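**Student:** here are the coordinates; sequence isn't available:
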């Protein structure tokens with residue numbers, strides 16, 4: 001089933017908003033781009049976005065979605081964070097996501113970011129009692145997070161380009 005041209009442009013516009021979400025945590029990001037592609041593919045009966053293409057987009061979308069988590073943790077580990085500090089960051093990141101979503105209205109992503117940062121700082125300082133080493137670990141975590149933004153942006157752009165290529169190819 002072929003969709004009208006306006007459906008393509010609406011989907012493309014929504015995906016571009018998703019790209020901005022990579023930089024602005026209150027906006028949706030790579031997951032939103034994937035979701036728009038899913039809706040488009042279902043609406044058109046997987047005619048232009050065939051199942052194989054959708055599987056590929058799902059795989060790279062999952063990499064983009066998870067990049068923020070594993071790259072920030074890897075940055076912390078490389079800069080000397082202990083396993084306990086990383087676990088504290090993960091735990092408080094999850095708590096921050098719930099609190100941010102439910103209570104403060106800031107959203108799950110900013111809440112997770114702040115929670116993970118606070119967890120990492122508290123656990124590192126508690127273990128080492130040295131602000132210089134703690135700040136080094138936090139800098140590594142932030143470097144990993146910023147690298148994940150670049151990865152998410154690249155993946156988001158690739159997802160959009162694959163979508164456009166498939167739809168225009170017919």
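**Tutor:** Thanks, I have it. Predicted, not measured: the structure shown is a model, and the values here were computed from it.
**Student:** contacts and neighbour counts: CA atoms only from here.
**Tutor:** Will do.
**Student:** Residue 118 and residue 23: what is the separation?
**Tutor:** 20 Å (Cα to Cα, to the nearest Å).
**Student:** Also residue 151?
**Tutor:** 12 Å.
**Student:** my guess is residue 81 contacts residue 135, does it?
**Tutor:** No - if you go by Cα atoms under 8 Å, residue 81 and residue 135 don't touch, sitting 10.3 Å apart.
**Student:** What helix or strand is the residue most central in space within the chain located in?
**Tutor:** In the chain, the residue lying closest to the centroid (Cα atoms, centre = their mean) is residue 65, at 3.9 Å. Secondary structure assignment for residue 65, by DSSP states H and E: helix 51-78.
**Student:** Buried residues of that helix, list them for me.
**Tutor:** Across helix 51-78, burial judged by 16 or more other Cα atoms under 10 Å covers 54, 57-58, 60-61, 63-65, 67-69, 71-77.
**Student:** who's in contact with residue 90?
**Tutor:** Residue 90 is in contact with 116, 119, counting by Cα atoms under 8 Å, 6 or more residues apart in numbering.
**Student:** switch the cut-off to 10 Å
**Tutor:** 69, 73, 84, 96, 112-113, 115-117, 119-120 (Cα atoms under 10 Å, 6 or more residues apart in numbering).
**Student:** And residue 112, by the same measure?
**Tutor:** 69, 89-101, 118.
**Student:** ditto for residue 40
**Tutor:** Residues in contact with residue 40 (Cα under 10 Å, 6+ apart) are 3, 7-8, 10-11, 34, 46-49, 163, 167.
**Student:** among these, which ones are buried?
**Tutor:** The buried subset of those - by 16+ other Cα under 10 Å - is 8, 11, 34, 46-49, 163, 167.
**Student:** Can I get the residues you listed in JSON lines including distance to residue 18 and pLDDT?
**Tutor:** What follows is the buried ones among the contacts of residue 40, written out as JSON lines (distance: Cα to Cα, whole Å; pLDDT from 0 to 100):
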{"residue": "8", "distance to residue 18": "15", "pLDDT": "94"}
{"residue": "11", "distance to residue 18": "11", "pLDDT": "96"}
{"residue": "34", "distance to residue 18": "9", "pLDDT": "96"}
{"residue": "46", "distance to residue 18": "22", "pLDDT": "93"}
{"residue": "47", "distance to residue 18": "23", "pLDDT": "91"}
{"residue": "48", "distance to residue 18": "21", "pLDDT": "92"}
{"residue": "49", "distance to residue 18": "19", "pLDDT": "93"}
{"residue": "163", "distance to residue 18": "14", "pLDDT": "97"}
{"residue": "167", "distance to residue 18": "19", "pLDDT": "93"}
